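Asks: fold the following for me, if possible:
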Amino acid sequence: MKKLKALATSIALATLAASSIASATVAATAATGTANDREGVFYDAAIEHQPADGVIRLYGPGGPHTALIKVAEAYEKKTGKKVEVIFGPETKWTHDAQAKADIIFGASEQSITAYLENYHFISEKDVQPVYLRRATIAVKEGNPKDIQGFDDLLKPGIKVVVTEGKGVYNTSGTGLWEDIAGREGSLQDIQKLRKNIVAFEKGSGAAFKAFDKKADAWITWIDWPLANSSKVDYVELEKTRTIYRDMNIAVSPKADPATADFVKFLNSSEGEKLVATLGWTR
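Replies: Residues are numbered from 1 along each chain as shown. Below is the predicted model of the structure:
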(Lines give C-alpha, C1' and ligand atoms only; values in the text may rest on other atoms or scores of the structure.)
Protein backbone atom coordinates (compact mmCIF):
# COMPACT_ATOMS: atom_id res chain seq x y z
CA MET A 1 0.00 0.00 0.00
CA LYS A 2 2.84 2.35 0.91
CA LYS A 3 4.55 1.58 -2.42
CA LEU A 4 1.36 2.43 -4.33
CA LYS A 5 1.02 5.72 -2.44
CA ALA A 6 4.67 6.56 -3.16
CA LEU A 7 4.21 5.76 -6.86
CA ALA A 8 1.08 7.92 -7.03
CA THR A 9 2.93 10.78 -5.35
CA SER A 10 5.83 10.47 -7.83
CA ILE A 11 3.46 10.52 -10.82
CA ALA A 12 1.65 13.58 -9.45
CA LEU A 13 4.93 15.43 -8.91
CA ALA A 14 6.16 14.53 -12.41
CA THR A 15 2.90 15.72 -13.93
CA LEU A 16 3.09 18.98 -12.00
CA ALA A 17 6.69 19.51 -13.10
CA ALA A 18 5.84 18.88 -16.73
CA SER A 19 2.92 21.25 -16.50
CA SER A 20 5.14 23.93 -14.98
CA ILE A 21 7.74 23.52 -17.73
CA ALA A 22 5.07 23.75 -20.42
CA SER A 23 3.58 26.85 -18.81
CA ALA A 24 7.00 28.44 -18.56
CA THR A 25 7.69 27.67 -22.22
CA VAL A 26 4.41 29.23 -23.33
CA ALA A 27 5.09 32.29 -21.20
CA ALA A 28 8.60 32.63 -22.58
CA THR A 29 7.34 32.27 -26.12
CA ALA A 30 4.71 34.96 -25.57
CA ALA A 31 7.34 37.26 -24.11
CA THR A 32 10.11 36.70 -26.65
CA GLY A 33 8.37 35.44 -29.78
CA THR A 34 11.06 32.79 -30.23
CA ALA A 35 8.83 29.79 -30.84
CA ASN A 36 9.02 27.87 -34.09
CA ASP A 37 5.64 29.25 -35.14
CA ARG A 38 7.19 30.72 -38.28
CA GLU A 39 8.56 27.50 -39.71
CA GLY A 40 6.84 27.46 -43.08
CA VAL A 41 6.93 24.47 -45.38
CA PHE A 42 10.02 25.76 -47.23
CA TYR A 43 11.96 27.10 -44.26
CA ASP A 44 15.39 25.47 -43.87
CA ALA A 45 17.26 26.35 -40.70
CA ALA A 46 20.47 24.95 -42.17
CA ILE A 47 20.66 27.69 -44.82
CA GLU A 48 22.86 30.62 -43.82
CA HIS A 49 21.53 33.99 -44.95
CA GLN A 50 24.45 35.92 -46.47
CA PRO A 51 23.10 38.24 -49.19
CA ALA A 52 25.84 40.91 -49.23
CA ASP A 53 27.77 39.85 -52.35
CA GLY A 54 27.63 42.93 -54.57
CA VAL A 55 24.42 41.93 -56.38
CA ILE A 56 20.98 43.22 -55.35
CA ARG A 57 18.63 40.23 -55.59
CA LEU A 58 14.83 40.37 -55.38
CA TYR A 59 12.74 37.21 -55.06
CA GLY A 60 8.97 36.90 -55.35
CA PRO A 61 5.96 35.81 -57.40
CA GLY A 62 5.15 36.34 -61.04
CA GLY A 63 3.17 39.53 -61.63
CA PRO A 64 5.11 42.34 -59.95
CA HIS A 65 8.27 40.99 -61.61
CA THR A 66 7.57 42.75 -64.91
CA ALA A 67 7.49 46.17 -63.25
CA LEU A 68 10.45 45.39 -61.01
CA ILE A 69 12.54 44.23 -63.97
CA LYS A 70 11.87 47.58 -65.67
CA VAL A 71 13.02 49.42 -62.57
CA ALA A 72 16.04 47.13 -62.14
CA GLU A 73 17.17 47.67 -65.74
CA ALA A 74 16.86 51.44 -65.41
CA TYR A 75 18.71 51.42 -62.09
CA GLU A 76 21.54 49.30 -63.52
CA LYS A 77 21.89 51.65 -66.47
CA LYS A 78 21.93 54.67 -64.18
CA THR A 79 24.30 53.35 -61.49
CA GLY A 80 26.15 50.38 -62.94
CA LYS A 81 25.06 48.28 -59.95
CA LYS A 82 23.76 44.81 -60.79
CA VAL A 83 20.17 43.92 -59.88
CA GLU A 84 18.50 40.54 -60.42
CA VAL A 85 14.76 39.88 -60.19
CA ILE A 86 14.00 36.19 -59.63
CA PHE A 87 10.33 35.28 -59.86
CA GLY A 88 7.79 32.51 -60.25
CA PRO A 89 6.53 29.68 -58.05
CA GLU A 90 8.15 29.79 -54.62
CA THR A 91 9.48 26.24 -55.03
CA LYS A 92 11.68 27.54 -57.85
CA TRP A 93 13.60 30.08 -55.77
CA THR A 94 13.04 29.50 -52.05
CA HIS A 95 16.42 27.98 -51.16
CA ASP A 96 18.38 30.60 -53.08
CA ALA A 97 16.26 33.33 -51.49
CA GLN A 98 16.90 32.06 -47.99
CA ALA A 99 20.61 32.35 -48.71
CA LYS A 100 20.88 35.37 -51.01
CA ALA A 101 17.77 37.59 -50.97
CA ASP A 102 18.29 41.28 -50.37
CA ILE A 103 14.57 41.81 -50.93
CA ILE A 104 11.51 39.57 -50.82
CA PHE A 105 8.60 41.06 -52.77
CA GLY A 106 4.93 40.15 -52.60
CA ALA A 107 1.91 40.64 -54.85
CA SER A 108 -0.53 41.31 -51.99
CA GLU A 109 -0.54 41.63 -48.23
CA GLN A 110 -1.73 38.04 -48.00
CA SER A 111 1.17 36.80 -50.10
CA ILE A 112 3.93 38.65 -48.24
CA THR A 113 2.50 37.54 -44.89
CA ALA A 114 2.76 33.94 -46.08
CA TYR A 115 6.34 34.51 -47.26
CA LEU A 116 7.33 35.65 -43.78
CA GLU A 117 6.87 32.05 -42.63
CA ASN A 118 9.82 30.94 -44.75
CA TYR A 119 12.22 33.90 -44.72
CA HIS A 120 13.14 34.52 -41.12
CA PHE A 121 15.56 37.34 -41.86
CA ILE A 122 12.51 39.58 -42.38
CA SER A 123 9.44 40.23 -40.24
CA GLU A 124 6.16 42.13 -40.32
CA LYS A 125 7.91 45.40 -39.43
CA ASP A 126 10.08 45.16 -42.56
CA VAL A 127 7.16 45.05 -45.03
CA GLN A 128 6.68 48.18 -47.15
CA PRO A 129 3.65 48.52 -49.46
CA VAL A 130 4.98 50.41 -52.49
CA TYR A 131 2.38 50.32 -55.32
CA LEU A 132 -1.20 49.26 -56.06
CA ARG A 133 -2.78 47.65 -59.09
CA ARG A 134 -6.39 46.98 -59.97
CA ALA A 135 -8.23 43.84 -60.94
CA THR A 136 -9.48 43.54 -64.49
CA ILE A 137 -10.93 41.09 -67.00
CA ALA A 138 -8.45 39.68 -69.52
CA VAL A 139 -10.11 38.69 -72.80
CA LYS A 140 -8.89 37.18 -76.05
CA GLU A 141 -7.32 39.52 -78.57
CA GLY A 142 -10.08 41.49 -80.28
CA ASN A 143 -12.57 40.54 -77.53
CA PRO A 144 -14.53 38.08 -79.73
CA LYS A 145 -17.19 37.51 -77.04
CA ASP A 146 -17.76 41.27 -76.74
CA ILE A 147 -17.36 41.21 -72.96
CA GLN A 148 -17.98 44.73 -71.64
CA GLY A 149 -17.98 44.24 -67.89
CA PHE A 150 -18.67 41.94 -64.98
CA ASP A 151 -22.29 41.17 -65.86
CA ASP A 152 -21.19 39.64 -69.15
CA LEU A 153 -19.21 37.03 -67.22
CA LEU A 154 -22.51 35.73 -65.80
CA LYS A 155 -24.06 34.99 -69.17
CA PRO A 156 -24.66 31.33 -70.06
CA GLY A 157 -21.83 29.81 -72.06
CA ILE A 158 -19.11 32.27 -71.05
CA LYS A 159 -15.99 30.40 -69.90
CA VAL A 160 -14.00 32.04 -67.12
CA VAL A 161 -10.64 31.19 -65.53
CA VAL A 162 -9.75 32.35 -62.03
CA THR A 163 -6.57 32.16 -59.96
CA GLU A 164 -6.71 30.36 -56.60
CA GLY A 165 -4.17 29.17 -54.05
CA LYS A 166 -6.34 26.18 -53.10
CA GLY A 167 -4.93 26.36 -49.58
CA VAL A 168 -1.47 25.23 -50.68
CA TYR A 169 -0.16 27.89 -53.09
CA ASN A 170 0.84 31.47 -52.38
CA THR A 171 -0.88 33.72 -54.92
CA SER A 172 -2.39 37.19 -54.79
CA GLY A 173 -5.30 35.87 -56.85
CA THR A 174 -6.70 33.83 -53.98
CA GLY A 175 -10.28 34.92 -53.37
CA LEU A 176 -10.17 37.69 -55.96
CA TRP A 177 -13.05 36.42 -58.08
CA GLU A 178 -15.23 35.98 -54.99
CA ASP A 179 -14.42 39.49 -53.75
CA ILE A 180 -15.46 40.92 -57.12
CA ALA A 181 -18.60 38.79 -57.49
CA GLY A 182 -19.74 39.49 -53.93
CA ARG A 183 -18.87 43.18 -53.99
CA GLU A 184 -22.49 44.29 -54.29
CA GLY A 185 -23.86 41.84 -51.74
CA SER A 186 -25.52 39.49 -54.19
CA LEU A 187 -25.19 35.75 -53.56
CA GLN A 188 -26.72 35.16 -56.98
CA ASP A 189 -23.78 36.89 -58.64
CA ILE A 190 -21.37 34.47 -56.94
CA GLN A 191 -23.54 31.49 -57.87
CA LYS A 192 -23.79 32.51 -61.53
CA LEU A 193 -20.09 33.27 -61.88
CA ARG A 194 -19.11 30.01 -60.23
CA LYS A 195 -21.11 28.04 -62.79
CA ASN A 196 -19.08 29.69 -65.57
CA ILE A 197 -15.64 29.04 -64.05
CA VAL A 198 -13.86 26.35 -66.08
CA ALA A 199 -10.56 26.37 -64.17
CA PHE A 200 -9.31 27.32 -60.71
CA GLU A 201 -5.57 27.56 -61.32
CA LYS A 202 -2.75 27.69 -58.78
CA GLY A 203 -0.91 30.89 -59.63
CA SER A 204 -1.28 33.50 -62.35
CA GLY A 205 1.16 31.79 -64.70
CA ALA A 206 -0.94 28.62 -64.76
CA ALA A 207 -4.13 30.67 -65.01
CA PHE A 208 -2.77 32.55 -68.01
CA LYS A 209 -2.05 29.26 -69.80
CA ALA A 210 -5.51 27.86 -68.98
CA PHE A 211 -7.16 31.08 -70.20
CA ASP A 212 -5.21 30.88 -73.45
CA LYS A 213 -6.31 27.29 -74.08
CA LYS A 214 -9.91 27.05 -72.94
CA ALA A 215 -11.57 30.25 -71.73
CA ASP A 216 -13.13 33.51 -72.90
CA ALA A 217 -12.11 35.56 -69.88
CA TRP A 218 -9.70 35.58 -66.98
CA ILE A 219 -10.23 37.58 -63.81
CA THR A 220 -6.76 38.88 -63.03
CA TRP A 221 -4.62 41.96 -62.35
CA ILE A 222 -4.05 44.73 -64.91
CA ASP A 223 -0.29 44.09 -65.11
CA TRP A 224 -0.81 40.71 -66.79
CA PRO A 225 -2.69 41.92 -69.91
CA LEU A 226 -0.47 44.99 -70.14
CA ALA A 227 2.66 42.84 -70.03
CA ASN A 228 1.19 40.49 -72.67
CA SER A 229 -0.58 43.03 -74.86
CA SER A 230 0.42 41.26 -78.09
CA LYS A 231 -1.75 38.28 -77.07
CA VAL A 232 -4.40 39.63 -74.71
CA ASP A 233 -6.86 42.50 -74.45
CA TYR A 234 -8.65 43.58 -71.30
CA VAL A 235 -11.91 45.05 -70.11
CA GLU A 236 -12.15 47.27 -67.05
CA LEU A 237 -14.38 46.25 -64.18
CA GLU A 238 -17.03 48.66 -62.99
CA LYS A 239 -15.82 50.92 -60.18
CA THR A 240 -18.23 49.24 -57.79
CA ARG A 241 -16.53 45.90 -58.55
CA THR A 242 -12.88 46.94 -58.71
CA ILE A 243 -10.49 45.43 -56.19
CA TYR A 244 -6.96 46.72 -55.50
CA ARG A 245 -4.05 44.87 -53.90
CA ASP A 246 -0.51 46.05 -53.41
CA MET A 247 3.02 45.21 -54.41
CA ASN A 248 5.19 45.17 -51.33
CA ILE A 249 8.82 44.61 -50.43
CA ALA A 250 10.72 43.51 -47.34
CA VAL A 251 14.43 44.33 -47.18
CA SER A 252 16.84 42.03 -45.36
CA PRO A 253 18.75 43.73 -42.52
CA LYS A 254 21.85 42.08 -44.01
CA ALA A 255 21.19 43.32 -47.55
CA ASP A 256 23.86 44.77 -49.81
CA PRO A 257 24.40 48.42 -48.85
CA ALA A 258 23.23 49.53 -52.32
CA THR A 259 19.79 47.97 -51.69
CA ALA A 260 18.58 51.05 -49.79
CA ASP A 261 19.45 53.21 -52.79
CA PHE A 262 17.60 50.84 -55.12
CA VAL A 263 14.50 51.03 -52.92
CA LYS A 264 14.75 54.81 -52.99
CA PHE A 265 14.85 54.65 -56.81
CA LEU A 266 11.86 52.29 -56.88
CA ASN A 267 9.88 54.84 -54.86
CA SER A 268 11.08 57.84 -56.85
CA SER A 269 9.11 59.72 -59.51
CA GLU A 270 11.24 57.99 -62.14
CA GLY A 271 10.42 54.58 -60.67
CA GLU A 272 6.74 55.50 -60.45
CA LYS A 273 6.65 56.36 -64.17
CA LEU A 274 8.23 53.03 -65.07
CA VAL A 275 5.82 50.86 -63.06
CA ALA A 276 2.83 52.94 -64.21
CA THR A 277 3.32 51.52 -67.72
CA LEU A 278 2.21 48.17 -66.28
CA GLY A 279 -0.75 49.51 -64.34
CA TRP A 280 0.83 50.14 -60.93
CA THR A 281 -0.37 53.27 -59.16
CA ARG A 282 -0.39 55.01 -55.80
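Asks: which element is the residue nearest the centre of the chain on?
Replies: Closest residue to the average C-alpha location of the chain: residue 111 at 2.8 Å, with C-alpha atoms, centre = their mean. Assigned by DSSP states H and E, residue 111 belongs to helix 109-115.
Asks: what is the subsequent helix or strand relative to that helix?
Replies: strand 127-140.
Asks: now that following strand, how far from the chain's geometric center?
Replies: With C-alpha atoms, centre = their mean, to the nearest Å as the basis, strand 127-140 stands 12 Å off its chain's centre.
Asks: equivalent analysis for stretch 79-91, please.
Replies: Per C-alpha atoms, centre = their mean, the centroid offset for stretch 79-91 relative to its chain is 16 Å.
Asks: what about the helices in the stretch 1-150 of the chain?
Replies: Applying DSSP state H, counting those that start in this stretch to the stretch 1-150 of the chain gives helices spanning 2-32, 65-79, 90-100, 109-115.
Asks: residues touching the nearest residue to residue 64 once chain neighbours are set aside, list them.
Replies: Distance criterion C-beta to C-beta, 6 or more residues apart in numbering; nearest residue to residue 64, sequence neighbours excluded, is residue 247 at 4.4 Å. Just so you know, the C-beta spots here come from the backbone N, C-alpha and C atoms, and that holds for glycine as well. Counting by C-beta atoms under 8 Å, 6 or more residues apart in numbering, residue 247 makes contact with 64, 67, 105-107, 129-133, 275, 280.
Asks: and the furthest pair within those residues?
Replies: Largest separation among the contacts of residue 247 by C-beta to C-beta: 106 and 275, giving 14.9 Å.
Asks: if you count what's nearby, which of those two comes out ahead?
Replies: Comparing residue 106 with residue 275 by other C-beta atoms under 10 Å, the one with more neighbours is residue 106, at 26 against 23.
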